[in-house]
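> Got a predicted structure plus its sequence, pasted below:
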Amino acid sequence: MRTQIIAGNWKMNLTLSQAIELVDGIRYGLIFPGEVDVLVAPPFLCLHRVAEHLQESYIGVAAQNLFYEDQGAFTGECSGKQIRDAGADYVIIGHSERRQYFGETNEIVNKKIKAAFRNELTPIVCIGETLAQRERNEVAAVIERQLGMGLVDLTAGEVSRLIIAYEPVWAIGTGKTASPDQVEEVHRLIRFSLSMKFGGQTGEAVRILYGGSVNPANSKELLALPNVDGALVGGASLKAPDFIEIIKNIKS
Ligand code: PGA
């Protein structure tokens, strides 16, 4: 069975002291999380400190982004090599906010995934359609394109180790959650598409998270869906009690 993941994407929130307070709130508020990988993704400036602070805990650390070169004259960027050195094990790639505000394309996402693997970071690759694309019935085509171009030249072994986060853009930070039927349908499609491209074993191994306005109230139903292997949580991951409630709602 695939180990479920609850990941908190803090985005550009929290100071260092607030970050430490939040992770302590999580680990001391929930001593035994059960069979689940719990991750937090702090902003770059907090990453090293948070990772060091969490060394002996069950909480893993992810970066929210990386640049695809390992070093050099790229002012303002952070490389996979540096992120690994700072103590992270995972990195979020291609979040819709990166695609929307920072011009990240599927080609860039592909280079970033390769950089993550090169530096022993597990990529959490975000995909999902906009509202306009859903209304035009383009969900399957968008997902196919994002997976097709985003995962080009990767081996089946690499793909089975990465994590996909399906995040419909219209559900992020809006309070609008996709319905369980909508979520299961797209997750099934993602798994099918990965099986066709990389083999059935890979399709079965890949963990697919749902993201978009996940909260304590809606998480139980979403996490219970057969093809949902966890959640990527934004807003609700900034409050320890809410994040803990979501962790407790994983499938047993
Ligand atoms: P949200 O964000 O939970 O605040 O909608 C999710 C995400 O962007 O990963």
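Looks like it came in fine. Residues are numbered from 1 along each chain as shown.

> can you pull out the helices in the protein?
16-29, 44-53, 80-85, 96-101, 106-118, 131-135, 139-150, 156-161, 180-198, 200-205, 216-223, 240-248 (DSSP state H).

> Out of the ones you listed, which gets nearest to the ligand?
Minimum separation from the ligand across the helices of the chain (CB to the nearest ligand atom) falls at helix 96-101, 6.8 Å. For the C-beta atoms, the positions are set from N, CA and C on the backbone; glycine is no exception.

> List the contacts of the closest one.
The contact list for helix 96-101 (CB atoms under 8 Å, 6 or more residues apart in numbering) reads Lys11, Asn65, Glu104, Thr105, Cys126, Gly128, Glu167, Val169, Ile172.

> Also stretch 52-60?
Identification of contacts with stretch 52-60 by CB under 8 Å, 6+ apart yields 20, 23, 26-27, 33, 37-40, 61, 87, 89-90.

> what residues are up against the one residue in the chain that gets nearest to the ligand?
The ligand sits closest to Gly234 of the chain, with a gap of 2.2 Å, by CB to the nearest ligand atom. Shown in contact with Gly234 (CB under 8 Å, 6+ apart): Gly8, Asn9, Lys11, Ile172, Gly173, Gly211, Ser213, Val214.

> in the protein, what residue sits furthest out from the centroid?
Farthest-out residue of the chain from its mean C-alpha position, per CA atoms, centre = their mean: Ala73, at 28.1 Å.

> and the closest residue to Val50 other than its chain neighbours, what does it touch?
Excluding the flanking residues, the one nearest Val50 by CB to CB, 6 or more residues apart in numbering is Pro42, at 4.7 Å. By CB under 8 Å, 6+ apart, the residues touching Pro42 are Trp10, Leu14, Ala19, Val50, Val61, Gln64.

> Just list whatever residues bridge to the closest residue to Val186 other than its chain neighbours.
Distances taken as CB to CB, 6+ apart place Tyr166 nearest to Val186, at 5.4 Å, with adjacent residues excluded. Using DSSP bridges, the beta-bridge partners of Tyr166 come out as Ile127, Tyr210.

> count of residues packed around the nearest residue to Pro216 once chain neighbours are set aside?
Closest residue to Pro216 apart from its sequence neighbours, by CB to CB, 6+ apart: Glu245 at 3.6 Å. Glu245 sits with 18 neighbouring residues when counted by other CB atoms under 10 Å.

> Relative to Glu52, how far out is the residue nearest to Trp10 when sequence neighbours are not counted?
In this structure, Trp10 finds its nearest non-sequential neighbour in Pro42, 5.5 Å apart by CB to CB, 6+ apart. Pro42 sits 12 Å away from Glu52, going by CB to CB, to the nearest Å.
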